[in-house]
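Chemist: I'd like to go over a predicted model; first the sequence, then the structure.
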There are 2 protein chains.
Amino acid sequence: MSSENLKFEVQAVSGKARRGQLHTAHGIINTPAFMPVGTAGTVKAMKPEDVAATGAEIILGNTYHLMLRPGAERINRLGGLHRFMNWPGPILTDSGGYQVFSLSQRRTIGEDGVVFQSHIDGARVDLTPERAVEIQHLLGSDITMVLDECTGWPVTEAEARASMELSMRWAARCKAAFRARTGYGLFGIVQGSVFPHLRRDSAAALIDIGFDGYAVGGLAIGEGQETTFSVLDATVPSLPTDHPRYLMGVGKPADILGAVRRGIDMFDCVLPTRSGRNGQVFVRGGTLNLRNARHTDDPGPLDAACTCPPCRHYSRAYLHHLIKAGEMLAGMLLTAHNLHYYQTMMSTIRQAIEENALDAFADTFEAEQAVGPDVSETPPKT
Amino acid sequence: MSSENLKFEVQAVSGKARRGQLHTAHGIINTPAFMPVGTAGTVKAMKPEDVAATGAEIILGNTYHLMLRPGAERINRLGGLHRFMNWPGPILTDSGGYQVFSLSQRRTIGEDGVVFQSHIDGARVDLTPERAVEIQHLLGSDITMVLDECTGWPVTEAEARASMELSMRWAARCKAAFRARTGYGLFGIVQGSVFPHLRRDSAAALIDIGFDGYAVGGLAIGEGQETTFSVLDATVPSLPTDHPRYLMGVGKPADILGAVRRGIDMFDCVLPTRSGRNGQVFVRGGTLNLRNARHTDDPGPLDAACTCPPCRHYSRAYLHHLIKAGEMLAGMLLTAHNLHYYQTMMSTIRQAIEENALDAFADTFEAEQAVGPDVSETPPKT
C-alpha cells in the first residue's frame, strides 16, 4: 500500500469509493480530498491560515503562473513555495500544460515540448517535460504533475490517440527527470479524451512507467457530467488500487460526489473561490447569487446549517450590501464560506465511506438538491 | 471628569498631551486613540476581528455612505451598525457633512440643511441637523457627530465666519435632537478655518451648548501641517479639559504626534487603509512603496521591528509579487500592517504620556524619520 516516495493507505471503502490517507513531506492528506487553487502563490482573497481553518489540508499551485511571475528560480532563492506563500501544508503543482493551452497567446507544440508566449509580457518561454519537473522541484512541490498535452474538445479519435501518445512519451521523460525522495511524489496523467480504449492504453502506459499517483486529465473542458462519469467508469478500473487517483479540474459538488463514487480520491477546482468573488455561494440544496435584490433585507445567514465564521457572524443582507458597494470583504467572506462548504462536504463524504454509507449520503444530497436552497420570503423594502 | 452620557477620565499628562479613557456603551477607548475608517460598514480589506487584532478599540463609520447605501432605516431593522458589520466595539459616525461636499454631485445649502444628489444613483437627498442625528441614532453610533458645513479652502474671513456661524446654529439643533443616554455621546465640531478668533468664538458657542466631546473640523483639507498645528495652538486652549478632543481626518504619523502634543485625544484617517491597498506601507523611519522593483528579491519583512502577522510571515518579495499579480491578499496584508503600525504608535504614545516622556519619544521619532526606512541593498535579479 505504499510507494517509494508517497505512502498511501486505503482505510475504508464504500462501493468503489475509498477513504485514505496520503503521507507527504508537509503532512497527511485525508482522502477523498478537495484542493483549493492557489494560482499565483495565494488562494485568492484568503489568508493561508484561513484556508487551513476551512479544513483544507493541501492546496494547488499553478506552475504556469508561478514560472512566469515571480519565476521558479526566484521562489527557490526565497526558500520555496511553502515559505514564500506561508502555507506549511502539502502543495500539489500542476505542470503548466493546461494553462499554456488556455492562457498563452501563441504556442507551438513539438516532440520536445511546447514553446509559447507569456500572457503577461509576451516573452517566449520553452516548456519541456524536463523543465516542468525542474520548475516544480524548485518550487518544492510535495506532488509534481507530469507535463501533458491538453487534448482539445471536440476531437477525433486519431487526434486524441496522437495527443495521448505524445503525453505518454512526455510522462516517461518526466519520470526520468524526477528526483525521487521520501514525502515527494510524481503523478502521471491519463489522457485519451472520451475514447475508452485510449484511456485504457494511457493508463497501461503510465503504470508501465510507474508513478506515485494517477490523475485523470482532459475532462471538465465542456464534455458534460455524463461524459465525465462514463470516462471515469472506463478508466478507473484500469488504475492501481494502491495509489491515489486525482480528477483534475473538477468540479461542482455533484461532480465530485459522483467521481468519489467512481473511485476518485483527489480534486481541485477554482469554482468555490471564483464563485465566491462573483457573489455566488454554495449552500445546502444548491447555490445562491448574493447579488440578487431578494437578499437586500434578509437577516438570515447564507446557510442556517453552516458553521463557518461568515455564517455565524453575517446576514445575507450585509453580504449583499458588501457586493453592491464593491467591498473586498465580500469576496473574502464568500470565498471562506464556499471553501468551508467544499471541505465540509469532503469531510462528510469521508465519514460516510468509513461507515460504508456513501449511497445513503448521495441519496440525501440529491434529495436536498431537488428541494433547492432555502430562500427568504422577506420582500425587499425600500 | 464625566458628562451625563460619556465618562471621560484623564489619567496622565505629558506637556499638553493627555492619556485618558473614554467609556462608551460598547467598551472603553484608551486615548490618544486612532480610529480606522470603515466607510461603508467595513474597514476595507479587513475582517473586523483582524481590525481588533491590530489594537483598534473604536472605528469610524461614514453616515453619508451608509445613509445612501444600504440606508439607515435598513441597518436599524437589521439590528444596528454594530451587528450589521459584526463590530462589537465602539463606533463613531461622522455626520455626512464632509462627504456631501466632497462626493455628492449637486448640493444646495440653506439655513435648514443641505440638499444633494447621491453620487450612487443621483437621487435627491435632504440632510438636516435633525436628520443627521436621527440617522446616527438609527445606526446605533456610540459617538454622534453634529452636522456642520465644511468650510472651503482657501476662504475669506467673512466667508469663514458665516460658515462657522451656520454650523453653530446647526450644532444647537443637533443637541436638541440628540437623545441622551448613558454610554452614547454627541460631539460638537469647532469651525472657523485658519482664523484664531473665529475658532475661539466657535469653541465658546459649542461649550455654551454643551457637548460630550469637541472635535476640530475643517482641517487636513490642503492647508498644510504648519497651519494645522497653529490652528490647534489657537483652538485647544479654548476647549474644556474634561472632555475628549478629536481632530477629524488627520493624518500622517507626524501629524498625529504633533496634534497629541497639542492636546488632541482622538483621530481618524483613511491613510493607513488606503495606502495599504495602494502598496504603500508605514515602517520605522518613513514609508515604503512595495510596487517598487527594488523589493523583487528582498527576503526581509516590511519592518524588522514590527510584530504584526504580515511582518512575521511574509517577505517584501512576496508582497511585491502579490501587488504585481493584482492579488487581493496584497491589500489585505498591507492594510493589516499599516493599521498595526498606527495602533502601535498610539500605544507607544500613550505609554510615553504615562511616563511623562512624550518629548523624548518625539525626539526619537523625528530622528528615525531623518534616517529614513530600512531598504534592502539586494539588487533585483532576473
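Modeler: Done, it's in.

Chemist: Helix or strand: which one has the residue in the stretch 101-250 of chain A that chain B sits nearest to?
Modeler: Nearest residue of the stretch 101-250 of chain A to chain B: A:Ile120, at 9.0 Å (C-beta to the nearest C-beta). (Each C-beta comes from the backbone N, C-alpha and C, glycine too.) Counting by DSSP states H and E, no helix or strand carries A:Ile120.

Chemist: what's the answer for A:Thr344, then?
Modeler: Per DSSP H and E: helix A:328-354 holds A:Thr344.

Chemist: Same question for A:Thr144.
Modeler: Using DSSP H and E, A:Thr144 falls within strand A:143-145.

Chemist: Low-confidence regions, the stretch 51-200 of chain A specifically.
Modeler: Within the stretch 51-200 of chain A, not a single segment meets pLDDT under 70.

Chemist: wait, what's in contact with A:Asp142?
Modeler: A:Asp142 makes contacts with A:24-26, A:58, A:90-92, A:183-185, as judged by C-beta atoms under 8 Å, 6 or more residues apart in numbering or on different chains.

Chemist: Write the PyMOL selection for whichever of those residues are buried.
Modeler: To isolate the buried subset of the contacts of A:Asp142 in PyMOL, counting by 16 or more other C-beta atoms under 10 Å in any protein chain shown, use the following:
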select buried, chain A and resi 24+25+26+58+90+91+92+184+185
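
Chemist: just the angle between whatever helix or strand comes next after the helix holding A:Thr344 and helix A:328-354, please?
Modeler: As assigned by DSSP H and E, the chain's next helix or strand after helix A:328-354 is helix A:358-371. Between the axes of helix A:358-371 and helix A:328-354, defined by axes from the mean of the first three to the mean of the last three C-alpha atoms, to 10 degrees, the angle is 140 degrees.

Chemist: Just name whatever secondary elements helix A:358-371 is in contact with.
Modeler: The contact analysis (3 or more C-beta pairs under 8 Å, 6 or more residues apart in numbering or on different chains; DSSP states H and E) places helix A:358-371 against helix A:253-260, helix A:328-354.

Chemist: Chain B is nearest to which of those helices?
Modeler: Using C-beta to the nearest C-beta, those put helix A:328-354 closest to chain B, at 4.5 Å.

Chemist: hmm, back to that, could I get the helices and strands packed on helix A:358-371 as a markdown table with mean pLDDT, distance to chain B and mean neighbour count?
Modeler: Shown next, in a markdown table, are the helices and strands packed on helix A:358-371 (pLDDT from 0 to 100; distance: least, C-beta to the nearest C-beta, whole Å; neighbours: other C-beta atoms under 10 Å in any protein chain shown):
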| stretch | mean pLDDT | distance to chain B | mean neighbour count |
| --- | --- | --- | --- |
| helix A:253-260 | 98 | 24 | 22 |
| helix A:328-354 | 98 | 5 | 23 |
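
Chemist: what's the closest of those helices to B:Leu319?
Modeler: helix A:328-354 (16.3 Å; C-beta to C-beta).

Chemist: partners of the most centrally placed residue in chain A in the sheet?
Modeler: Residue closest to the mean C-alpha point of chain A, counted by C-alpha atoms, centre = their mean, is A:Asp268 at 0.8 Å. Beta-bridge partners recorded for A:Asp268 (DSSP bridges): A:Met35.

Chemist: Pretty sure it sits against A:Thr39.
Modeler: No. Counting by C-beta atoms under 8 Å, A:Thr39 is not a contact partner of A:Asp268; they are 10.8 Å apart.

Chemist: circling back: closest to A:Arg284 out of the helices and strands packed on helix A:358-371?
Modeler: helix A:328-354 (8.8 Å).

Chemist: which bits of the stretch 51-200 of chain A sit near chain B?
Modeler: For the stretch 51-200 of chain A, the residues in contact with chain B (C-beta under 8 Å from any C-beta of the partner chain) are A:65, A:69-70, A:74, A:77-79, A:84-86.

Chemist: Would you convert these into TSV that also reports distance to A:Asn338?
Modeler: As requested, these are arranged in TSV below (distance: C-beta to C-beta, whole Å):
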residue	distance to A:Asn338
A:His65	21
A:Arg69	26
A:Pro70	27
A:Arg74	31
A:Arg77	34
A:Leu78	30
A:Gly79	30
A:Phe84	25
A:Met85	20
A:Asn86	21
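
Chemist: Which among those residues count as buried?
Modeler: Buried, going by 16+ other C-beta under 10 Å: A:65, A:70, A:74, A:78, A:84-86, out of those.

Chemist: can you name the two of these that are farthest apart?
Modeler: A:His65 and A:Asn86 (17.5 Å).

Chemist: Tell me who's in contact with whatever residue of the stretch 151-300 of chain A ends up closest to chain B.
Modeler: With C-beta to the nearest C-beta, the shortest gap between the stretch 151-300 of chain A and chain B falls at A:Pro299, namely 5.6 Å. With contact set as C-beta under 8 Å, 6+ apart, A:Pro299 has these partners: A:315-317, A:378, B:78-79.

Chemist: Now A:Val283. Nearest residue, chain neighbours left out?
Modeler: Ranked by C-beta to C-beta, 6 or more residues apart in numbering or on different chains and with sequence neighbours excluded, the top spatial neighbour of A:Val283 is A:Asp303, at 3.9 Å.

Chemist: any idea whether the one you found is helix, strand or coil?
Modeler: The three-state assignment at A:Asp303 reads coil, by DSSP: H, G, I helix; E, B strand; the rest coil.

Chemist: wait, what's in contact with it?
Modeler: Counting by C-beta under 8 Å, 6+ apart, A:Asp303 makes contact with A:281, A:283-284, A:311, A:337, A:341, A:373-374.

Chemist: Dump these into CSV; add secondary structure as well.
Modeler: Output for those, formatted as CSV (three-state DSSP):
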residue, secondary structure
A:Val281, strand
A:Val283, strand
A:Arg284, coil
A:Cys311, helix
A:His337, helix
A:Tyr341, helix
A:Pro373, coil
A:Asp374, coil
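
Chemist: Select only the buried ones of the residues you listed in PyMOL?
Modeler: Applying 16+ other C-beta under 10 Å to these leaves a buried subset, and the PyMOL line that selects it is:
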select buried, chain A and resi 281+283+284+311+337+341+373+374
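
Chemist: Show me which of the contacts of A:Asp303 is closest to B:Pro244.
Modeler: For the contacts of A:Asp303, the nearest to B:Pro244 is A:Cys311 (37.4 Å; C-beta to C-beta).

Chemist: Could you pull out the strands in the stretch 1-150 of chain A for me?
Modeler: A:7-14, A:17-24, A:27-31, A:33-35, A:37-38, A:59-61, A:91-93, A:107-109, A:114-117, A:124-127, A:143-145 (DSSP state E, counting those that start in this stretch).

Chemist: Now tabulate those strands in TSV and tack on distance to A:Asp212.
Modeler: Compiled in TSV, the strands of the stretch 1-150 of chain A are given as follows (distance: least, C-beta to C-beta, whole Å):
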stretch	distance to A:Asp212
strand A:7-14	8
strand A:17-24	9
strand A:27-31	13
strand A:33-35	15
strand A:37-38	21
strand A:59-61	16
strand A:91-93	11
strand A:107-109	26
strand A:114-117	24
strand A:124-127	22
strand A:143-145	8
